[in-house]
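A.B. asks: Whatever this is, show me its structure:
(chains A, B, C and D)
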Protein chains: 2
Amino acid sequence: METRELRYFVAVAEELHFGRAASRLGIAQPPLSRAIQQIERHLGAVLLERTSRSVSLTEAGAVLLREARAALDAVEAAERRTRRAATGRPGLVLVAKAGASAELLAKLLDAYAAEPGAVAVDVQLCAIAEQERHLRDGRADVALLHRPFDSTVGLDTEELLTEGQVAVLPAGHPLTTRKSLTMAEVAEMPGLPLPRWPCPDGSYPSGPGPEVRDHAQLLQLIALGRAAAVLPESAWSQLRGDLAMVPVPDAPRVTTVIAWPPHSRSRAVAGLVHAASRL
Amino acid sequence: METRELRYFVAVAEELHFGRAASRLGIAQPPLSRAIQQIERHLGAVLLERTSRSVSLTEAGAVLLREARAALDAVEAAERRTRRAATGRPGLVLVAKAGASAELLAKLLDAYAAEPGAVAVDVQLCAIAEQERHLRDGRADVALLHRPFDSTVGLDTEELLTEGQVAVLPAGHPLTTRKSLTMAEVAEMPGLPLPRWPCPDGSYPSGPGPEVRDHAQLLQLIALGRAAAVLPESAWSQLRGDLAMVPVPDAPRVTTVIAWPPHSRSRAVAGLVHAASRL
DNA sequence: GCCCGTCGATACCGCACCGGTATCGGCTTT
DNA sequence: AAAGCCGATACCGGTGCGGTATCGACGGGC
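C.D. replies: Model (predicted):
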């Protein structure tokens, strides 16, 4: 099967509408209909149930959607990594959540730079839940992830740090005088909803809190008195004067891990991981 | 990039000869030359150094070869898994090395069959080093692997059993009277070389021993007095009357694991792993 | 109840591109 | 110096992709 066909199928499966999928792909609708039929003939399977009013995935279609996304990521990764290898500069790209693990990251970069044979490390800060995708499609070589929030499925990892979490509140909030809080108390603070983080697919769960892409956004919203949050202790180093923190002992402990795609066995990645593992 | 292009590149990169690659692909040589040029133009990178006498991979070409193989596996897996999903029969395919972990496998299948909601399990026995590929290209859902021999990189795993290894010798061999042997002693037995196992790419390392694909082959060669081997203790259950075993305490311990592709989060796989984890 | 709008499928057509044959140009071998 | 091997180039024909036009089925509205 060709990647063109996979791209076409993914577009239709995501839009569940041939016309919209076609315009998203920049082609007309009829060739798209034909291409999907050809895929179905090739696989000997019905992938989409279609009436003139609705399009829906069959079970086989759902499987192909999941697998096709992975395959397209792999193809994209192949292109990107080849282009990067061709430039000759063997630099590493590391992604981390903007605003998270700042201290740890600094120590890691220092430690690695001191190693013999260290190469340049290009640090990219991205939105929550974006790092995994960057690793999978070849835009990055290594990532700092946070269990249990980020999925590390299919990646090789090394644990770096486990820590508890704290509630981050606007300075002057009544509860800032407390020595500790429970998750239940934090979740039910009137007027201070917890923010909504993006899901891996980029959508947001529904609920009362504000939609948030990274820590900087979040801290600003808290300072404005529009939200509260429960964050790893190390977020402390980022705290501005207009914020306060209170430990939340019953929040799940957070483990920061360094992760890399399993088959990228480059010297440079190994060196960085080695430096990380003995911080 | 299209999978056709990736296939073409892989063929040339493996053959390092345009003519042979073309005939392997079933096309003529000129279109292949053009296709490679087109890929190089598309990526903006030189992938192959060619003179009229030799073809060799550049560094970028080596990266693309590795990544392209992974990408093609992912595409193939997408097709296969979709076809399997379309049949409606939600059977699982489990691969194991022929002749290895026979007892464990039997217990596992029994335990899983007793679980509520168990589906049919299709057991495929294959050659050494083939299981990983079966998982990656969608021919199988789960595999029994043996660390440290098999690579589990990029797979999710659960440990099942760790055991020591024993030397397997022809019955009546002088050393069968010993209570134990060392690796060094086994490696240097005159006239009884250790066999050569295939590498992940299907080739064999060079050396004195016979080339061997699976345990049945190996045991027969040992019985014939043409080889000796060091195998996990559980191979004991397979031993015929014409073979003997002696413990080898300093051989690395072998861990049998059940492995599955990380993004295949099907109910059935989860059930099988669950059954396996509490054997 | 008829008309109209929506949406996927079909019909048909032109052109890009893939794959084929013929040939060239460079290099090695004898 | 001649011959052979091998990748690149030139050129050509056919497949198939993508386009426009249209059909047919289904719903909703006045």
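
A.B. asks: Give me the nearest residue to A:Val46, chain neighbours excluded.
C.D. replies: In space, and not counting its chain neighbours, A:Val46 is closest to A:Thr58: 5.4 Å by C-beta to C-beta, 6 or more residues apart in numbering or on different chains. Every C-beta, even on glycine, is put in place using the N, C-alpha and C of the backbone.

A.B. asks: now A:Pro249
C.D. replies: Per C-beta to C-beta, 6+ apart, closest to A:Pro249 is A:Ser180, 5.6 Å.

A.B. asks: The one you found: what's it in contact with?
C.D. replies: Applying C-beta atoms under 8 Å, 6 or more residues apart in numbering or on different chains to A:Ser180 gives the contacts A:246-249.

A.B. asks: Make a PyMOL selection of the buried ones in the residues you listed.
C.D. replies: For the buried members of the contacts of A:Ser180, the matching PyMOL selection, counting by 16 or more other C-beta atoms under 10 Å in any protein chain shown, is:
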select buried, chain A and resi 246+248
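
A.B. asks: Show me where the stretch 1-150 of chain A dips below the pLDDT cut-off.
C.D. replies: Counting by pLDDT under 70, the ranges of the stretch 1-150 of chain A that qualify are A:88-90, A:99.

A.B. asks: Which strand or helix spans the closest residue to A:Asp122 other than its chain neighbours?
C.D. replies: In this structure, A:Asp122 finds its nearest non-sequential neighbour in A:Val93, 4.7 Å apart by C-beta to C-beta, 6+ apart. Taking DSSP states H and E as the criterion, A:Val93 maps to strand A:92-97.

A.B. asks: Need the three-state assignment for whichever residue of the stretch 151-279 of chain A sits closest to DNA strand D.
C.D. replies: In the stretch 151-279 of chain A, the residue that lies nearest DNA strand D is A:Ser206 (25.1 Å; C-beta to the nearest atom of the strand). On the three-state scheme (DSSP: H, G, I helix; E, B strand; the rest coil), A:Ser206 is labelled coil.

A.B. asks: Would you check how far apart it and A:Glu14 are?
C.D. replies: Using C-beta to C-beta, to the nearest Å, one gets 20 Å for the distance from A:Ser206 to A:Glu14.

A.B. asks: And those two? Which one has more around it.
C.D. replies: The residue with more neighbours, out of A:Ser206 and A:Glu14, is A:Glu14; 15 against 6, by other C-beta atoms under 10 Å in any protein chain shown.

A.B. asks: picking that back up, packing partners for the strand holding A:Val93?
C.D. replies: On a contact count with 3 or more C-beta pairs under 8 Å, 6 or more residues apart in numbering or on different chains; DSSP states H and E, strand A:92-97 meets strand A:121-126, helix A:131-136, strand A:142-147, helix A:267-277.

A.B. asks: List the strands paired with it, with their directions.
C.D. replies: strand A:121-126 (parallel), strand A:142-147 (parallel) (DSSP bridges).

A.B. asks: hey, which of these is tucked in deepest?
C.D. replies: With neighbours taken as mean count of other C-beta atoms under 10 Å in any protein chain shown, the strands paired with strand A:92-97 reach their highest mean count in strand A:142-147, at a mean of 24.
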